[in-house]
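Novice: Quick one: sequence plus predicted model below, questions after.
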Amino acid sequence: MAESHLVSGLVDKRSEIAGLIEHHRKVMGHLASTLGHLDATLKLFAPEIDLRTLRVKQHRTRNILFRPGEMPRFILDTLRRAGGPLTSRTLAEHVIAAKGLVSTPDLLAGIQKSLLTGLKTLTNNGTLVQGPDEGPAHTWLIA
């Protein structure tokens, strides 16, 4: 009995993923076609341009939890209130509490990953320093 539920669940998941792949292939085809038209237009107006030398712009998704500039302020405010070094996991738990979110392992991991980027940036510009390690986890504190 349990095997039929398992198999039907796997079939549903496979169908979902196959549908996503098909959708994104169509989107990629449309984007490739649009890029080809742009390349042809560029060559029409600037025949000497070498399209291979044009830089590719990185596509980045914005973090929906923080407005621009809010993450560094949140990190620094939380570290000031803590009065000592904190791990990225502890900071992520503070974000979840401050934003009133329901904690799940995926959400915690996603927030922690975002915070690590902010922590590294603040460390590189000299605002933070790495504190003593808590087991395998690094801690940060204000310089």
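Specialist: Noted; the coordinates are in hand.
Novice: from here on, contacts and neighbour counts on C-alpha atoms
Specialist: Will do.
Novice: residues touching residue 87, list them.
Specialist: 134, 137-140 (Cα atoms under 8 Å, 6 or more residues apart in numbering).
Novice: Would you list the buried entries among those residues?
Specialist: Taking 16 or more other Cα atoms under 10 Å as the criterion, what is buried in the contacts of residue 87 is 139-140.
Novice: Tabulate the contacts of residue 87 (JSON lines), appending pLDDT and secondary structure.
Specialist: JSON lines is the format used below for those (pLDDT from 0 to 100; DSSP: H, G, I helix; E, B strand; the rest coil):
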{"residue": "134", "pLDDT": "84", "secondary structure": "strand"}
{"residue": "137", "pLDDT": "86", "secondary structure": "strand"}
{"residue": "138", "pLDDT": "88", "secondary structure": "coil"}
{"residue": "139", "pLDDT": "89", "secondary structure": "strand"}
{"residue": "140", "pLDDT": "89", "secondary structure": "strand"}
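Novice: And the contacts of residue 87, which is closest to residue 78?
Specialist: residue 140 (11.1 Å; Cα to Cα).
Novice: So what's the residue count around residue 18?
Specialist: 12 (other Cα atoms under 10 Å).
Novice: distance of residue 8 from residue 14?
Specialist: Distance of residue 8 to residue 14, given as Cα to Cα, to the nearest Å: 10 Å.
Novice: go on, residue 143?
Specialist: 50 Å.
Novice: and if you look at residue 73?
Specialist: 43 Å.
Novice: And residue 21, by the same measure?
Specialist: Taken as Cα to Cα, the span from residue 21 to residue 14 is 11 Å.
Novice: for residue 131, same thing?
Specialist: For residue 131, the distance to residue 14 - Cα to Cα - is 45 Å.
Novice: re earlier: list just the nearest of the contacts of residue 87 to residue 115.
Specialist: So of these, ranked by how close each gets to residue 115 (Cα to Cα), first place is residue 140, at 11.4 Å.
Novice: is the closest one in a bridge, and if so with what?
Specialist: residue 86, residue 130 (DSSP bridges).
Novice: could you list every residue that touches it?
Specialist: Residue 140 neighbours (Cα under 8 Å, 6+ apart): 85-87, 119, 128-132.
Novice: Dump the residues you listed into a markdown table; add pLDDT and distance to residue 44 as well.
Specialist: Output for those, formatted as a markdown table (pLDDT from 0 to 100; distance: Cα to Cα, whole Å):
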| residue | pLDDT | distance to residue 44 |
| --- | --- | --- |
| 85 | 90 | 59 |
| 86 | 90 | 57 |
| 87 | 91 | 55 |
| 119 | 92 | 47 |
| 128 | 90 | 51 |
| 129 | 89 | 53 |
| 130 | 88 | 54 |
| 131 | 86 | 58 |
| 132 | 87 | 60 |
